[in-house]
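# Predicted coordinates and the sequence they were generated for:
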Amino acid sequence: MSKNDTPPEDDDLNNINTTAAGLASGAAITGVAQGFRVVLGFVQGIVLARLLLPADFGLVAMVAPAVAFAAMVKELGLNQATVQRDQISQQIVSNLFWLSVSMSILLAIIMAACAPLLADFYGEPEVQALAVAYAATIVVWGLQSQPAALLARKLAFKTIAIIEVVSLLAGFTVAVATAYLTRSYWALFCGTIITAAVSTLASWMASKFKPMKIGSAEGMKEMIGFGSSIAGFDLLNFASRNADNILIARFHDAVELGLYDRAYKLLLFPLQKITYPLSRVMVPFLSRNVNQPERYKRAYFVAVTIILVAAQPGVLVGILFADEIFLVLLGKEWVAAAPVFMWLGIAGLVQVMTSTMGWLFVSQGRGKHYLMVGAVTAVISITSFVVGLPQGAVGVAAAYAIGDLVFKTPYVWFMASRNGTVRFEDFVRLLMPHLLALAVAAAALYFTGQSFQQIGFLQIGLLLALSYGIYLAVLTLFKEKVSMARELLEMIWNSIQSKRQARAAQKGMQE
């Protein structure tokens, strides 16, 4: 059997719809689900901030880097390898599953054993029990890795969206209920473990995955090699994304870390919730269309435009009215986090686009370039954190934003455009209309805000509506953006019509 031959029992793994209509349908479904997730996550952040203290979030944030590190290591990039590969067999998927589960169990044991050391490092005894508890989540997520990757590979967007929404809703309910009854940081853990358990169980049921015994399979070495490059980037990305928490916790205190963590979670975390799930739509689609340059580039441009439209106007309001938003939504004890929120927002305006460039590296099989980008950007981020650390959480956020805009963003754009269809000038041309829209919206928001004697819930809602309205109005001045919107709507409509015709045909056959 040749390398690209696929046995009959593996046909369901490799028969994948990669049409534009399929992309539109997936993007639409994922967009709706992520809108719900972002709103629910934001509401959860507000409700839990009202029920718990900054120190509670600070304690959990101390454990978070260790959990994130273990999550990165246990994946080994194998889930992305499953999604990216053109042809794959049941035996390979099974081998990757057992490898991932074994790593998860080993890392959970190591983390539990190191819990006393972690508590001593931070000088917080409560961290020990939290670290042991969170070790269990590593195993749960490890069990989900390959079943979830199979769903993404099959472009089962509707199923993935339902799983995400249901698991998040379950975790939200448990977290809020536990916080109300106990007023303890354990509410945050309960929400996390329930979300993981529900998501894992549902992924197994939906994927119908039945692992085989470990056996030899052609292509394993190649997949592990590609996965290792992805894992290397993920580990470096972990270092850059968690060094800030570790440094603040080590050289300041739980309250300072709690303020930083809430600002981060209320801003950059929702932005990640937009880009990460959409990557499960885009990476498989782009991987299957890498040899069709125009289709590849157009799909990427449309997806990035959607992300920028969804995120930038809201982030802009957060930057300009950070003090008022924290006072109204979280209370006066959280206003100290507003400057952190503002600086992170400045970085987030462009970061939502830069973060999508990982799709290009992965879909084009450029694992080594991806690893190189991870190494350089990690150095830039960690250096920024160290520079800003003497000024506390605000200093760390400010240094991070400046480093991100001045150094990291141009470098990532340059590396992403070195090979492949999308060039550096394409990135500039794609972003410029959005920057103009931001400038016009910012001016309108500033003068409108000055007319309010007091800013409450109603005024925040009006400012958000104004920001999105002006932003979209400016984009309509650009023919390419209008063309993208029309194209997206046509693809969604064609997808809906195709599904209707398929259901009608099926109904006719049954009759």
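Looks like it came in fine.

# Can you give the distance from the helix ranked longest in the chain to the centre of its chain?
The single longest helix within the chain, with elements called by DSSP state H, is helix 254-288. Distance of helix 254-288 from its chain centroid, counting by C-alpha atoms, centre = their mean, to the nearest Å, is 4 Å.

# Pretty sure residue 136 sits against residue 111.
No - Residue 136 lies out of contact with residue 111 (C-beta atoms under 8 Å); the separation is 9.7 Å. All C-beta spots, glycine's among them, are computed from the backbone N, C-alpha and C.

# Looking at the two, which is more packed in?
With neighbours defined as other C-beta atoms under 10 Å, residue 136 and residue 111 compare such that residue 111 has more, 22 against 17.

# circling back: quick one: average confidence on the longest helix of the chain?
Across helix 254-288, pLDDT averages out at 74.

# so where's the stretch 201-350 of the chain shaky on pLDDT?
Applying pLDDT under 70 to the stretch 201-350 of the chain flags the ranges 215-232, 238, 268-274, 276-277, 280.

# would you list every one of the helices in it?
Using DSSP state H, counting those that start in this stretch, the helices of the stretch 201-350 of the chain run over 220-251, 254-288, 293-320, 322-329, 338-354.

# Helix or strand next in line after the helix or strand hosting residue 107, which one?
Residue 107 belongs to helix 90-113 when elements are defined using DSSP states H and E. Scanning forward in sequence from helix 90-113 by DSSP H and E, the next helix or strand is helix 115-122.

# How far off centre is that next one?
How far helix 115-122 lies from its chain's middle: 29 Å, per C-alpha atoms, centre = their mean.

# Show me which positions of that helix end up buried.
Under the neighbour-count criterion of 16 or more other C-beta atoms under 10 Å, helix 115-122 has 115, 118-119, 122 buried.

# Enumerate every residue touching residue 346.
Applying C-beta atoms under 8 Å, 6 or more residues apart in numbering, we find residue 346 in contact with 319, 401, 405.

# Would you mind measuring from the closest residue to the first one other than its chain neighbours to residue 50?
The reference is to residue 319. Distances taken as C-beta to C-beta, 6 or more residues apart in numbering put residue 345 closest to residue 319, at 4.1 Å, once the chain neighbours are dropped. According to C-beta to C-beta, to the nearest Å, residue 345 stands 22 Å off from residue 50.

# Looking at these two now, which is surrounded by more residues?
Per other C-beta under 10 Å, whichever of residue 345 and residue 50 has more neighbours is residue 345, with 25 against 14.

# List the contacts of the residue lying closest to residue 193 once chain neighbours are set aside.
Nearest residue to residue 193 in three dimensions, chain neighbours excluded: residue 137, at 5.6 Å (C-beta to C-beta, 6+ apart). Applying C-beta under 8 Å, 6+ apart, we find residue 137 in contact with 67, 192-193, 196.

# from memory residue 198 sits against residue 170, does it?
Yes - using C-beta under 8 Å, residue 198 is in contact with residue 170, at 4.7 Å.

# what bits of the chain have low per-residue confidence?
The chain contains residues with pLDDT under 70 at 1-31, 34-35, 72-88, 215-232, 238, 268-274, 276-277, 280, 488-489, 491-511.

# contacting residues around residue 326?
334-335, 337-338, 341.

# Dump those to CSV, plus distance to residue 100 and neighbour count.
Shown next, in CSV, are those (distance: C-beta to C-beta, whole Å; neighbours: other C-beta atoms under 10 Å):
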residue, distance to residue 100, neighbour count
334, 38, 22
335, 43, 16
337, 36, 28
338, 41, 20
341, 36, 27
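
# How is residue 155 classified with respect to secondary structure?
Assigned state for residue 155: coil (three-state reduction, DSSP: H, G, I helix; E, B strand; the rest coil).

# now the angle between helix 254-288 and the helix or strand residue 161 falls within, please.
Here residue 161 sits within helix 157-182, counting by DSSP H and E. Using axes from the mean of the first three to the mean of the last three C-alpha atoms, to 10 degrees, the direction of helix 157-182 lies 170 degrees away from that of helix 254-288.
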